[in-house]
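Engineer: 3D model of this:
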Amino acid sequence: MITEREEHLKNFLTEQGAHYQEQQLNAFEGYSQPADRHAPTLSILDHKAIIESAGPDTFKFLQGQLTCDTSKLSTGQYQTGTVCTPKGRMYSQFSLLKTSDESCLMAMHEGLTETTRTNLGKYAVFFKTELQQKEELYCIGLSGSDIKSAVATVFGNVPEGNQAIQIDDNGWLLEVAGLCQRYEAWLNLDRLTKLWPELVKHFTPTNQQNWRLLDIEAVTPALTPAVVENYIPQHFNQPSLGSVSFRKGCYTGQEIVARMQNLGQLKTRCYRLTTTETVELKANTKLFNEARKAIGEVVDCVRRSDTTELLAVIRVDAAESNTVQTESGQPLTCHTLPYGIDPKAELQQ
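Structural biologist: Have a look, this model is predicted:
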């Protein structure tokens, strides 16, 4: 069932030439899916939504729940992080932006917002803070190998590092990690409408597929409802991506997460895999080694015209020996991580 918020976005995008198939954005009339994922692209991130936490105790409350250290943030800075169950299993993952001394925004997969608000709400009742979804804010992604000047033309400035740029009263532009330049804009529909003509002068509009391909390329896994509570942060390489602090003190699930890091015995983590075949590999699909032993499962998968790319949490030894295949025996190529893994150094974060 499509929500009123989703209907408003769909109506606007349809006016811009968007085509939908089974309520999913497919393509824009006059624009083809970029063959080069690093071409200047405007991705509609309609799978994302934003929660606001506001009140005098906001950061005191969040510090006891999130894996990241919110005390290090100044207003206008952002940080990625996760939220875990007492058993250390992730039920939410987000980009958190500090908007004032008493408020922040958290962008995540829209399918996680209700669970996140419900679970965090059990603790929020003991603090002066309120959690609510920011229905008026929508997410778009801008990406490309050399897009800084185009971004500056559209928005008047370019964010650097973890310092965001404010757009109007409640919109924001953030830089996102990746193997090409990437930015996320959180905008209300009125501002998106006004910016659209300028945006499409510089960027090819498309659905979320290209953005997900860039996540896969950079091995920055995104938690979705399909894999909620399946993994601890280390399975998603979150300490290596700066989303976990081991020096901030206690938070829900901290004992499990810290113990795994200190013992250094993690045998599975997230990798990028590809094949020149087009195959259907949904989240949680089992993967195997040459001996037909299950060694992990798919987290996300994107099919292109002649290839399939995926992120999967698999055994490290299978990744290093590059002996991963599907249940039908289709071999998958496992790629080297584009960043280092150093559990001891990460303990100092």
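
Engineer: Give the rounded mean pLDDT of the strand or helix carrying Gln166.
Structural biologist: Assessed by DSSP states H and E, Gln166 sits inside strand 165-167. Strand 165-167 comes out with an average pLDDT of 96.

Engineer: Would you mark the buried spots in it?
Structural biologist: 165, 167 (16 or more other C-beta atoms under 10 Å). Placement of C-beta: from N, CA and C, glycine included.

Engineer: Stretch 131-150 too?
Structural biologist: Buried residues in stretch 131-150, counting neighbours by 16+ other C-beta under 10 Å, are found at 131, 133-134, 137-144, 147, 150.

Engineer: Check stretch 316-336 too.
Structural biologist: 318-319, 323-326, 332, 334-335.

Engineer: Distance from the chain centre to it, please.
Structural biologist: With C-alpha atoms, centre = their mean, to the nearest Å as the basis, stretch 316-336 stands 24 Å off its chain's centre.

Engineer: Check stretch 28-40 too.
Structural biologist: Put simply, stretch 28-40 sits 21 Å off its chain's centre (C-alpha atoms, centre = their mean).

Engineer: now that stretch: mean pLDDT?
Structural biologist: Mean predicted lDDT for stretch 28-40 stands at 92.

Engineer: one step back: can you list the residues that contact the strand holding Gln166?
Structural biologist: 76, 155, 157-159, 172-173, 185, 187, 191 (C-beta atoms under 8 Å, 6 or more residues apart in numbering).

Engineer: Could you pick out the buried ones from the residues you listed?
Structural biologist: Buried among the contacts of strand 165-167 by 16+ other C-beta under 10 Å: 76, 155, 158-159, 172-173, 185, 187, 191.

Engineer: Flag the shaky bits of the stretch 101-250 of the chain, pLDDT-wise.
Structural biologist: Of all residues in the stretch 101-250 of the chain, none has pLDDT under 70.

Engineer: Could you pull out the helices in the stretch 151-300 of the chain for me?
Structural biologist: In the stretch 151-300 of the chain, the segments counted as helices under DSSP state H, counting those that start in this stretch are 189-202, 209-218, 254-263.

Engineer: can you put those helices in CSV and add distance to Ser100?
Structural biologist: Formatted as CSV, those follow (distance: least, C-beta to C-beta, whole Å):
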stretch, distance to Ser100
helix 189-202, 20
helix 209-218, 28
helix 254-263, 27
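
Engineer: do you know which of the ones you listed lies nearest Ala124?
Structural biologist: The minimum distance between Ala124 and the helices of the stretch 151-300 of the chain falls on helix 254-263, with 18.3 Å, by C-beta to C-beta.

Engineer: how far away is the closest residue to Asp168 other than its chain neighbours from Thr99?
Structural biologist: Ranked by C-beta to C-beta, 6 or more residues apart in numbering and with sequence neighbours excluded, the top spatial neighbour of Asp168 is Arg191, at 5.7 Å. For Arg191, the distance to Thr99 (C-beta to C-beta, to the nearest Å) stands at 16 Å.

Engineer: do the same with Ala319
Structural biologist: Using C-beta to C-beta, Ala319 is found at 39 Å from Thr99.

Engineer: Would you mind listing the residues in contact with the most centrally placed residue in the chain?
Structural biologist: Residue closest to the mean C-alpha point of the chain, counted by C-alpha atoms, centre = their mean, is Ala222 at 4.1 Å. Counting by C-beta under 8 Å, 6+ apart, Ala222 touches 93, 109, 212, 215, 300.

Engineer: Quick check: phi and psi at it.
Structural biologist: The phi and psi values for Ala222, taken as degrees, to the nearest 10, are phi -110, psi 130.

Engineer: any idea how far it is from Thr193?
Structural biologist: With the distance defined as C-beta to C-beta, Ala222 ends up 27 Å from Thr193.

Engineer: What of Glu52?
Structural biologist: According to C-beta to C-beta, Glu52 and Thr193 sit 22 Å apart.

Engineer: the more surrounded of the two?
Structural biologist: The neighbour comparison of Glu52 against Thr193 (other C-beta atoms under 10 Å) goes to Glu52, with 19 against 13.

Engineer: can I get the buried residues of stretch 131-150 in a markdown table with secondary structure?
Structural biologist: What follows is the buried residues of stretch 131-150, written out as a markdown table (DSSP: H, G, I helix; E, B strand; the rest coil):
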| residue | secondary structure |
| --- | --- |
| Leu131 | strand |
| Gln133 | strand |
| Lys134 | coil |
| Leu137 | strand |
| Tyr138 | strand |
| Cys139 | strand |
| Ile140 | strand |
| Gly141 | strand |
| Leu142 | strand |
| Ser143 | strand |
| Gly144 | strand |
| Ile147 | coil |
| Ala150 | helix |
